[in-house]
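S.K.: No letters, just coordinates:
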């Protein structure tokens with residue numbers, strides 16, 4: 001298993017990216033409840049979807065520029081609308097990470113993944129083939145959970161639940177004739193243990209991402225990126241469901257995964 005080199009005496013409150021030390025005046029994306037949609041969009045679900053769709057397209061358009069010389073690109077993905085979530089919390093979290101960043105030498109690029117097997121497979125391939133990122137972080141929701149979950153492995157087979165278009169892979173797998181499972185180069189158990197014990201964060205470790213679109217996207221990314229990816233399931237209940245608390249935690253978490261002293265691809269087993 002690949003491991004990160006981490007600071008054994010981490011103090012989140014004194015880190016430059018701790019919540020109270022973030023100096024950016026840009027606000028995190030606002031979360032609208034259905035009863036507080038803008039007046040122009042209270043004409044029903046169709047109006048709300050048009051409103052949020054426009055916001056999403058606007059946020060996505062800025063992500064196609066090439067990184068500055070000498071900087072690394074980290075791609076963060078969130079999912080599109082799903083069931084009752086007109087704007088998926090994972091996409092809001094990705095937008096928040098774009099706003100506060102991951103460090104001076106990191107260009108953060110965000111991408112929205114449709115809740116569709118075919119489209120997600122295409123977008124993941126394009127990310128690795130065109131952006132050539134150092135690392136890709138996929139965010140997905142864990143409905144009913146109140147903690148952040150770090151997924152170690154992506155599974156290749158067993159995808160039988162239909163996506164929002166009513167489809168599932170014909171062969172019920174991500175990549176034909178590929179390994180049954182792939183692991184991230186990051187030791188998620190070590191990361192979760194460190195942040196839980198030393199920083200008191202609600203972060204847990206998992207080896208079963210659920211065999212739906214999150215797991216599917218993760219496996220495809222691990223396959224294309226030779227393990228240089230992570231899947232983080234974010235909560236939909238409890239205090240961490242708030243973007244103001246969740247996004248700084250995700251920032252700390254991702255920066256812990258990315259050692260500043262060496263490329264991710266140089267980590268040794």
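M.R.: On my side now, so go ahead. Note that this is a predicted model, so its numbers are computed, not measured.

S.K.: Could you use CA atoms for every contact and neighbour count after this?
M.R.: Fine.

S.K.: what's the host helix or strand of residue 220 in contact with?
M.R.: According to DSSP states H and E, residue 220 maps onto helix 213-225. Residues outside helix 213-225 that contact it (CA atoms under 8 Å, 6 or more residues apart in numbering) are 115-117, 120-121, 124-125, 128, 135-136, 138-140, 153-156, 159, 163, 174-175, 181-184, 209, 227-231.

S.K.: I'd say residue 78 and residue 96 touch.
M.R.: No: contact criterion CA atoms under 8 Å: residue 78 and residue 96 do not qualify, at 11.0 Å.

S.K.: circling back: can you tell me which of the contacts of helix 213-225 are buried?
M.R.: 115-117, 120-121, 124-125, 128, 135-136, 138-140, 153-156, 159, 163, 174-175, 182-184, 209, 227-231 (16 or more other CA atoms under 10 Å).

S.K.: show me where the protein has strands.
M.R.: 72-79, 106-113, 135-142, 148-151, 153-155, 181-183, 203-206, 229-235 (DSSP state E).

S.K.: Dump these into TSV; add mean pLDDT as well.
M.R.: Formatted as TSV, these follow (pLDDT from 0 to 100):
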stretch	mean pLDDT
strand 72-79	97
strand 106-113	97
strand 135-142	96
strand 148-151	97
strand 153-155	98
strand 181-183	98
strand 203-206	96
strand 229-235	97
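
S.K.: Dump those strands to JSON lines, plus distance to residue 219.
M.R.: As requested, the strands of the chain are exported to JSON lines (distance: least, CA to CA, whole Å):
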{"stretch": "strand 72-79", "distance to residue 219": "14"}
{"stretch": "strand 106-113", "distance to residue 219": "14"}
{"stretch": "strand 135-142", "distance to residue 219": "11"}
{"stretch": "strand 148-151", "distance to residue 219": "11"}
{"stretch": "strand 153-155", "distance to residue 219": "4"}
{"stretch": "strand 181-183", "distance to residue 219": "7"}
{"stretch": "strand 203-206", "distance to residue 219": "15"}
{"stretch": "strand 229-235", "distance to residue 219": "9"}
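
S.K.: Please identify which of the ones you listed is closest to residue 258.
M.R.: Smallest distance to residue 258 across the strands of the chain (CA to CA): 8.5 Å, for strand 135-142.

S.K.: Give me the contacts around that closest one.
M.R.: 73-79, 89-91, 93-94, 214, 217-218, 221, 225, 228-236, 264.

S.K.: Now restrict the residues you listed to buried residues only.
M.R.: Counted by 16+ other CA under 10 Å, the contacts of strand 135-142 give 73-79, 89-91, 93-94, 214, 217-218, 221, 225, 228-236, 264 as buried.

S.K.: distance of the nearest residue to residue 110 once chain neighbours are set aside from residue 173?
M.R.: Sequence neighbours aside, residue 76 is the residue nearest to residue 110 in space, at 4.8 Å (criterion: CA to CA, 6 or more residues apart in numbering). According to CA to CA, to the nearest Å, residue 76 stands 23 Å off from residue 173.

S.K.: now swap in residue 237 and tell me
M.R.: 31 Å.

S.K.: That'll do, ta.
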